[in-house]
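1. here is a sequence together with a model predicted from it:
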Amino acid sequence: MKFSPALLVASLFTAGALGSPVKRDLPIVTSKALRQTLQGANLLRHANVLQTVATGAGNTRMFGSKGHNQTVTYIKGKLDATGYYDIELQTFPFTILNGTAKFSTTGIEKDYEAEYLTYAPSGDVSAELMVAKEVGCNGVTFPPPPPSVRVELM
């Protein structure tokens, strides 16, 4: 495990939660008023910016990464530009779990592609392989487990 400082965008959006309320003569932002200002095209434009940030940072915006820090800078800049918020950037330690994944079967000589899920716990599993009946989450896909442990292939 390694510890990586990550940036937290802490706005004083909620008065008193993180410090003094903003001392400007501005109206309180209500949920309804805020939702009425949202436009799909603008949301998509910002989503595309964040995707560009991730792509340029090795396809990640994971905590502590270059992509995460650029994301925080982008969001802070947008909030600062509104003139509504006083923003603080704070660092804090965050544990990042990194691992590897390997998938193999007994009796079949074939390499399978496997990926480690970031933030997932690590460990070894050895069990009988069963094929999912359907794709999706329902009782048919995940019947009660058999007496022995099995890994379901989807």
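-> Perfect, thanks for sending it. Numbering: from 1, shown residues only.
2. can you list the strands that the helix or strand harbouring residue 129 pairs with?
-> In the assignment (DSSP states H and E), residue 129 maps to strand 128-131. Strand pairing for strand 128-131, using DSSP bridges, gives strand 150-153 (parallel).
3. show me where the protein has strands.
-> Remark: strands assigned in the chain by DSSP state E are 2-11, 87-96, 128-131, 150-153.
4. in terms of mean pLDDT, which of those ranks lowest?
-> Of all those, the minimum mean pLDDT falls on strand 2-11 (a mean of 35).
5. quickly list what the closest residue to residue 105 other than its chain neighbours is bridged to.
-> In space, and not counting its chain neighbours, residue 105 is closest to residue 129: 6.5 Å by C-beta to C-beta, 6 or more residues apart in numbering. Using the backbone N, CA and C atoms, a C-beta is placed for each residue, glycine as well. Counting by DSSP bridges, residue 129 is bridged to residue 151.
6. ok, residue 129 touching residue 104?
-> No: Residue 129 lies out of contact with residue 104 (C-beta atoms under 8 Å); the separation is 10.6 Å.
7. follow-up on the earlier one: how far away is the residue nearest to residue 105 from residue 107?
-> Distance of residue 129 to residue 107, given as C-beta to C-beta, to the nearest Å: 11 Å.
8. who has more neighbours, those two?
-> residue 129 (12 against 4; other C-beta atoms under 10 Å).
9. counting neighbours, what do you get for residue 70?
-> 18.
10. ok, the residue nearest to it when sequence neighbours are not counted - how many residues close by?
-> Spatially, and ignoring its direct neighbours in sequence, residue 70 is nearest to residue 53 (4.7 Å; C-beta to C-beta, 6+ apart). As a burial measure, residue 53 scores 19 neighbours (other C-beta under 10 Å).
11. next, find the distance separating residue 53 from residue 78.
-> 13 Å.
12. okay, now the domains of this protein?
-> The record's domain split for the chain, according to automatic domain parsing, is 2-96, 124-154.
13. and those, which one's lowest on average pLDDT?
-> domain 124-154 (a mean of 65).
14. ok, now which ones touch residue 67?
-> 53, 54, 56, 57, 58, 60, 61 (C-beta atoms under 8 Å, 6 or more residues apart in numbering).
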